[in-house]
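Chemist: sequence and predicted model, in that order:
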Amino acid sequence: MRIAISVSNGFVSGPGEGDEVWIIEVRDDGTYEVIERYENPAKYAQQVRGIFMLRSVLERGVNTVILSEIGSPAYKWAVEKGVRIYIFKGRIEDAIRAFIDGKLTEAQGPTHGEHHGHHGHHRHIEGLGEYDFLKPYVSNGMVIADLGCGDGYYCNFFKDYASRLYCVDIDETAIEEVRRRFGNYRNIVVLNEDVSHTSIPSSSVDLAFMSNVFHDIEDKETAVREVSRILKPGGRLLIIEFKEDVAFGPPFKLSPEKVEQYFSKEGFIREGYAEVSPYHYMLILKKAS
């Protein structure tokens, strides 16, 4: 049989993030061969990139795919088209061997709410403690905006501190999940909106948060102005991005200096930097008072 894998630097990647797609011929005797490698067409898509990768696989007669992650829209599309998805995080060779040995199970749902082009919502970071890295930056009674909240992974933490918590995402599927989980909380406002154009009142937010969102926003200047608009003078932004030198994540990563450069144009200053996982950093940026 044949399987497809989204690949970045020898590691399994997400459907929208891989640099290449490999087609693997798996033989009955347990051996395998890479029969085709091609550039991932998702690299040139503006929205729902993962679907472009999956469509290219189907066009080659392959309906079994190994990925490191998959979001709601791409997973839903795969189910409708009869594509079987297996999740593995690690090296390509290990993923293929695990598949051949029957150690992979078929995914039963998306691993996160997937980011759509410039609209964006975050993916949570695997392997971290129970939000420990965020605790120094929150206090009771804050107004907090989780910009690109996905299925609400971080909303679950912020809700215990915020007097008002805005959970913002353009993905309707993700927002439906947020409403299901947190719809009964009076301090939570769920907004199905683009993070670059929200209905959050100006100068009303103490703490804004973005996780794995900013790199994928098309019009970054507009997004920066929106964050500045909603934050109070002296308010903070916590922004998490992939490190440039890691194999995982999107092909277009942003250095801390580049992120800081965008926000400095609106008067933000860097207040801190933290490595929050082997693959991610977090900048703490403060809006001018």
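Modeler: Ah, there it is. Because the structure is a prediction, the values reported are computed rather than measured. Numbering: from 1, shown residues only.

Chemist: this protein: strands as residue ranges?
Modeler: 2-8, 11-12, 20-26, 32-39, 64-67, 84-87, 142-147, 162-168, 188-191, 205-211, 231-242, 269-275, 280-286 (DSSP state E).

Chemist: list the pairing partners of the fifth one within its sheet, with orientation.
Modeler: Think strand 64-67. Applying DSSP bridges to the sheet, strand 64-67 is found paired with strand 2-8 (parallel), strand 84-87 (parallel).

Chemist: thinking again about what came up before, will you turn the strands of the chain into a markdown table that also has distance to residue 180, mean neighbour count and mean pLDDT?
Modeler: For glycine as for every other residue, the C-beta is placed from the backbone atoms N, C-alpha and C. Listed next are the strands of the chain as a markdown table, based on distance: least, C-beta to C-beta, whole Å; neighbours: other C-beta atoms under 10 Å; pLDDT from 0 to 100:
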| stretch | distance to residue 180 | mean neighbour count | mean pLDDT |
| --- | --- | --- | --- |
| strand 2-8 | 29 | 23 | 94 |
| strand 11-12 | 30 | 24 | 91 |
| strand 20-26 | 34 | 19 | 95 |
| strand 32-39 | 38 | 12 | 94 |
| strand 64-67 | 25 | 23 | 96 |
| strand 84-87 | 23 | 19 | 95 |
| strand 142-147 | 16 | 27 | 98 |
| strand 162-168 | 12 | 24 | 97 |
| strand 188-191 | 10 | 20 | 96 |
| strand 205-211 | 21 | 25 | 96 |
| strand 231-242 | 25 | 21 | 95 |
| strand 269-275 | 32 | 13 | 94 |
| strand 280-286 | 27 | 21 | 94 |
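
Chemist: out of the ones you listed, which is closest to residue 107?
Modeler: Distance to residue 107, taken as C-beta to C-beta, is lowest for strand 84-87 among the strands of the chain, at 4.3 Å.

Chemist: alpha carbons of that closest one, as PDB, please.
Modeler: C-alpha atoms of strand 84-87 as PDB (Å, rounded to 0.1, in the frame of the first residue of the first chain):
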ATOM      1  CA  ARG A  84      -7.300   8.000   6.900                       C
ATOM      2  CA  ILE A  85      -5.200  10.200   9.200                       C
ATOM      3  CA  TYR A  86      -2.500   8.900  11.600                       C
ATOM      4  CA  ILE A  87      -0.700  11.200  14.100                       C
END
